[in-house]
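**Q** Sequence and predicted structure, then a few things I'm wondering about:
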Amino acid sequence: MNFQYETERLNIRILSSDFAGKTLEFHKNNRSTFEKYDGGKPENFYTLPYQKSLLQCEYQMMLQQKAIRFWLFEKGNPDHIIGTMSIQRISRGIFQSCVIGYKMDAAYRDMGYMTEALHFLISFIFTELKLHRIEAYVNPDNNASIHLLKNWSLPRRALPMEVPGFRAYGRTTYGLPLFLVQRAKPNTSSFPGLLSSFSHS
């Protein structure tokens, strides 16, 4: 596994705690939008020490392959984070599954960036991590996220209400089993060349 990848328009990177100031700026700029769907964060979440500790924790989780967080940058603009996506709850053994999450800066939505990023992420999960199933938990009011997942043909099912952390939101889950990977292609008619192969860098 590498610490930096490229797609057609994006640099996708794993960050160290040296970038805590950049991640703090990203979260502060999008606080009202993110908290609408994520629920409230502790106030110290929006501080430099918290972000530094969080990045350190995520780095250790990545080394153990328990969870992986990527940060998105436009090519040519390496100092400004425009989004993030994560692979969480990586389960081996008989399950070989994970849960994905993602966030995009409000100023960069509706430009196809997250579709492009998810194309990389799903390929990474199946080819590099060799997992068999991907799930995404979505607030039913988050129409943009639901539309994004539908572009990947992820089938929807009701989320059991006893799942910790999701009861208050009434979320649903979308799953992508291994046998759908060849069929789960997004609608890219508005983004020519979107599915160009990603490369390591």
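**A** Great, that's in hand. Numbering: from 1, shown residues only.
**Q** hey, where'd the helices end up in this structure?
**A** Ranges of helices in the chain, per DSSP state H, are 20-29, 31-38, 48-63, 113-127, 143-151.
**Q** Is it possible to get JSON lines of the ones you listed that adds mean neighbour count?
**A** Every residue, glycine included, has its C-beta placed from N, CA and C. Below are those laid out as JSON lines (neighbours: other CB atoms under 10 Å):
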{"stretch": "helix 20-29", "mean neighbour count": "17"}
{"stretch": "helix 31-38", "mean neighbour count": "13"}
{"stretch": "helix 48-63", "mean neighbour count": "16"}
{"stretch": "helix 113-127", "mean neighbour count": "20"}
{"stretch": "helix 143-151", "mean neighbour count": "16"}
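**Q** for the ones you listed, which one sits closest to residue 102?
**A** helix 113-127 (6.0 Å; CB to CB).
**Q** now the closest one, how far from the chain's geometric center?
**A** 9 Å (CA atoms, centre = their mean, to the nearest Å).
**Q** Now do it and helix 143-151, the angle between them.
**A** Helix 113-127 and helix 143-151 are oriented at 50 degrees to each other (axes from the mean of the first three to the mean of the last three CA atoms, to 10 degrees).
**Q** what packs against helix 113-127?
**A** On a contact count with 3 or more CB pairs under 8 Å, 6 or more residues apart in numbering; DSSP states H and E, helix 113-127 meets strand 10-13, strand 68-74, strand 81-91, strand 97-104, helix 143-151.
**Q** any chance of those in TSV, plus mean pLDDT and distance to residue 57?
**A** As requested, the helices and strands packed on helix 113-127 are exported to TSV (pLDDT from 0 to 100; distance: least, CB to CB, whole Å):
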stretch	mean pLDDT	distance to residue 57
strand 10-13	98	17
strand 68-74	98	10
strand 81-91	96	12
strand 97-104	92	16
helix 143-151	78	25
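**Q** looking at these, which is closest to residue 37?
**A** Going by CB to CB, the one of the helices and strands packed on helix 113-127 nearest residue 37 is helix 143-151, 7.7 Å.
**Q** what is the orientation angle of that closest one with helix 31-38?
**A** Here helix 143-151 runs at an angle of 60 degrees relative to helix 31-38 (the same axes, to 10 degrees).
**Q** and the angle for helix 143-151 with strand 97-104?
**A** 130 degrees.
**Q** Just the CA atoms of helix 143-151, as PDB, please.
**A** Coordinates of each C-alpha in helix 143-151 appear next as PDB, following Å, rounded to 0.1, in the frame of the first residue of the first chain:
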ATOM      1  CA  ASN A 143     -30.000  13.000  -1.100                       C
ATOM      2  CA  ALA A 144     -26.600  13.800  -2.600                       C
ATOM      3  CA  SER A 145     -25.000  10.900  -0.900                       C
ATOM      4  CA  ILE A 146     -27.800   8.500  -1.800                       C
ATOM      5  CA  HIS A 147     -27.600   9.600  -5.500                       C
ATOM      6  CA  LEU A 148     -23.900   9.000  -5.400                       C
ATOM      7  CA  LEU A 149     -24.300   5.400  -4.200                       C
ATOM      8  CA  LYS A 150     -27.100   4.700  -6.600                       C
ATOM      9  CA  ASN A 151     -24.700   5.600  -9.400                       C
END
